[in-house]
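Asker: Make a model of this:
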Amino acid sequence: MKKVILKFFVYFLIFFGGNLMINILFTSNFDLLTTFSTAFGVSFGIAIFEYYTHKKGKVA
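Answerer: A predicted model of the protein is given here:
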């Protein structure tokens with residue numbers, strides 16, 4: 001479980017930074033809440049998907 005949390009934080013930092021740069025470059029406003037929510041949702045989804053596929057692969 002610790003590995004899943006670390007992967008989540010890595011994904012979160014990557015998506016947060018990328019989304020923040022794109023938000024600054026292509027829009028006129030600096031919307032931190034949109035950046036945070038998008039990065040959180042994508043990171044959480046990827047981490048949970050990896051956890052369940054890895055867990056299911058161990059059982060089979």
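Asker: nearest spatial neighbour of Val4, skipping sequence neighbours?
Answerer: Spatial nearest neighbour of Val4, chain neighbours left out: Tyr51 (4.8 Å); criterion: C-beta to C-beta, 6 or more residues apart in numbering. C-beta here means a position set from N, CA and C on the backbone, and glycine is covered the same way.
Asker: Which pLDDT value belongs to that neighbour?
Answerer: The confidence metric pLDDT takes the value 90 at Tyr51.
Asker: That one against Lys2, yeah?
Answerer: No: here Tyr51 does not reach Lys2: they are 11.5 Å apart, not a contact under C-beta atoms under 8 Å.
Asker: Next, Asn23: phi, psi?
Answerer: phi -60, psi -40 (degrees, to the nearest 10).
Asker: How much space separates Lys56 from Ile22?
Answerer: 33 Å (C-beta to C-beta, to the nearest Å).
Asker: re earlier: packing partners for the helix or strand hosting the residue nearest to Val4?
Answerer: Assigned by DSSP states H and E, Tyr51 falls within helix 32-59. On a contact count with 3 or more C-beta pairs under 8 Å, 6 or more residues apart in numbering; DSSP states H and E, helix 32-59 meets helix 2-26.
Asker: what's the helix it packs on in contact with?
Answerer: 30-32, 34-36, 38-40, 42-44, 46-48, 50-51 (C-beta atoms under 8 Å, 6 or more residues apart in numbering).
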